[in-house]
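Enquirer: Predicted model and sequence below, questions to follow.
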Amino acid sequence: MLDSDQFVLHVGLSKTGTTTLQQSVFPKHSEILYLGKDRTLQTPKECVDQQAFEILNPLLWDHKSEVNPTQIGRSIDDFRKVQREQKGVWLASWEELGNRSPALNLESLRRAQRVFGTCRLLVFLRNPFQRIPSEYLQSLRYNYLMLGKRSRGIRSFFRPIYLGLDDWLTSGEKSGNLRILLGASDLIRGAVDVVGRENVGVYLFEEFRDDPQKTIRSVCGFLQIDPVQALGSLDQEENHLNARMTEGQVKYLQGIQKSPWTRLSLLMKSPRDRRRLYRLQGNDSEPAKPQLSDQWKGRISDSTREGHRWLSETFCLSMEQHGYPI
């Protein structure tokens, strides 16, 4: 157990500013030993190096074997030699962790506790009425760019490229993905039990968007690190690092879905050419704005209201002010 350090797990829920934190804040702070994600790298799981992967793999991903603190300790020593750091805040940040069950993330916290002792959870939340349409658009883009990769042969031809928002939500409900998407309060409740209320930091994306410097100061207070460095590295012009899908790009995907011949021609193109074609449709500057139906708004409210009330009271969050179902 490493008494002088703390481990922070940032479960980066999708569409909550995760990319900005991963590129503009976490890796640039001298008091943070950043382990990843770094999407510019070709390392396992996009960790910053092999030692970082060996530290994180038994904590975050490989839960089949028991945690071996001694073995992980050797990887920690190797990582420190490369980074030339003796102590600090070990921080791991992955958006993908937000797409798995709370039980898996809580097991990761328990495993990290066995190695580091002090363990913290960092989460940014977003109003589901805005987050779900944004996540939907990201899913459409992903399905298009992954065309021909996720499955082989004829199955690629029949996999939907475009789904309407209602159909996408229905599909997510059947698969269980929607429950995970709306289940951040379950993760946070469990984390309070595992690591204690004082070791759980919860922030609102809306406040981060409106006043990034104030939010970063608060996060630095939670992490117990110098806020001046973080503010200096935060480029406010990068508040939206992921390009928004436009109406033109949505119509392009709808057209592909309707035309088997267009779909077939795309399957024969290289991923680079498919990306180029997609970007060309983005000349339409009007951002896409899918709308939730009243029926789905009611169902989402019913699923999240109790959890939002608990979060608001427990962490003194202004969720009602930002339109969260309360």
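Expert: Here it is on my side, so go on. Numbering: from 1, shown residues only.
Enquirer: and residue 71, how many residues sit next to it?
Expert: Using other Cβ atoms under 10 Å, residue 71 is surrounded by 13 other residues. In short, each C-beta sits where N, CA and C put it, glycine included.
Enquirer: Name the residues of the strand or helix carrying it that come out as buried.
Expert: In the assignment (DSSP states H and E), residue 71 maps to helix 69-83. Of the residues in helix 69-83, 72, 75, 76, 78, 79 count as buried by neighbour count, 16 or more other Cβ atoms under 10 Å.
Enquirer: In this protein, what helix or strand scores lowest on average pLDDT?
Expert: helix 154-158 (a mean of 59; mean pLDDT, DSSP states H and E).
Enquirer: and stretch 51-65, how far apart are its ends?
Expert: End-to-end distance for stretch 51-65: 18 Å, by Cα to Cα, to the nearest Å.
Enquirer: All further residue positions should be reported with the first residue as 45.
Expert: Will do, 45 is the new start, and the previous item becomes stretch 95-109.
Enquirer: what are the ranges of the helices in the stretch 145-294 of the chain?
Expert: 146-160, 172-189, 198-202, 209-219, 221-225, 228-239, 249-254, 256-267, 271-277, 291-302 (DSSP state H, counting those that start in this stretch).
Enquirer: Looking at the ones you listed, which is nearest to residue 72?
Expert: helix 271-277 (3.9 Å; Cβ to Cβ).
Enquirer: Going by neighbour count, which residues of that closest one are buried?
Expert: So for helix 271-277, counting by 16+ other Cβ under 10 Å, buried means 271, 273, 274, 275.
Enquirer: for the spatially most central residue of the chain, what are its contacts?
Expert: By Cα atoms, centre = their mean, the chain has its centre lying nearest to residue 139, at 2.2 Å. Residue 139 is in contact with 56, 57, 58, 62, 63, 81, counting by Cβ atoms under 8 Å, 6 or more residues apart in numbering.
Enquirer: next one: phi and psi at the residue lying closest to it once chain neighbours are set aside?
Expert: In space, and not counting its chain neighbours, residue 139 is closest to residue 56: 4.1 Å by Cβ to Cβ, 6 or more residues apart in numbering. Per-residue torsions, residue 56: phi -80, psi 90 (degrees, to the nearest 10).
Enquirer: if I look at residue 56, how far off is residue 80?
Expert: According to Cβ to Cβ, to the nearest Å, residue 56 and residue 80 sit 11 Å apart.
Enquirer: Next, show the common contact partners of the two.
Expert: 137, 138.
Enquirer: Show the end-to-end separation of stretch 58-75, please.
Expert: Rule used - Cα to Cα; the end-to-end distance of stretch 58-75 is 26 Å.
Enquirer: for stretch 55-64, same thing?
Expert: 14 Å.
Enquirer: distance between it and the chain's centre?
Expert: Here the centre of stretch 55-64 is set off from its chain's centre by 4 Å, with Cα atoms, centre = their mean, to the nearest Å.
Enquirer: related to what we said a few turns ago, now the weakest link among the helices of the stretch 145-294 of the chain, please, by mean pLDDT.
Expert: Between these, the one with the least mean pLDDT is helix 198-202; it has a mean of 59.
Enquirer: Confirm residue 142 sits in a helix?
Expert: Yes - residue state for residue 142 (DSSP: H, G, I helix; E, B strand; the rest coil) corresponds to a helix.
Enquirer: Regarding stretch 306-323, how distant is the last residue from the first?
Expert: End-to-end for stretch 306-323, by Cα to Cα: 17 Å.
Enquirer: Now find how far off-centre that stretch is within its chain.
Expert: Distance, centroid of stretch 306-323 to centroid of chain: 27 Å (Cα atoms, centre = their mean).
Enquirer: again with stretch 227-243
Expert: 17 Å.
Enquirer: Mind listing what's buried along that stretch?
Expert: For stretch 227-243, by 16+ other Cβ under 10 Å, it's 227-236, 238-239, 243.
Enquirer: returning to what we had before: export the helices of the stretch 145-294 of the chain as CSV, with columns for distance to residue 50.
Expert: Below are the helices of the stretch 145-294 of the chain laid out as CSV (distance: least, Cβ to Cβ, whole Å):
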stretch, distance to residue 50
helix 146-160, 6
helix 172-189, 29
helix 198-202, 45
helix 209-219, 35
helix 221-225, 27
helix 228-239, 10
helix 249-254, 22
helix 256-267, 8
helix 271-277, 16
helix 291-302, 42
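Enquirer: Which one, of those, ends up nearest to residue 308?
Expert: Comparing the helices of the stretch 145-294 of the chain by Cβ to Cβ, helix 198-202 comes nearest, at 6.8 Å.
Enquirer: wait, is residue 135 part of a helix?
Expert: No - read with three-state DSSP, residue 135 is strand and lies in no helix.
Enquirer: isn't it right next to residue 54, touching?
Expert: Yes - assessed by Cβ atoms under 8 Å, residue 135 is found in contact with residue 54 at 6.5 Å.
Enquirer: Could you pull out the residues contacting both of those two?
Expert: What both residue 135 and residue 54 touch, as defined by Cβ under 8 Å, 6+ apart, is the set residue 70.
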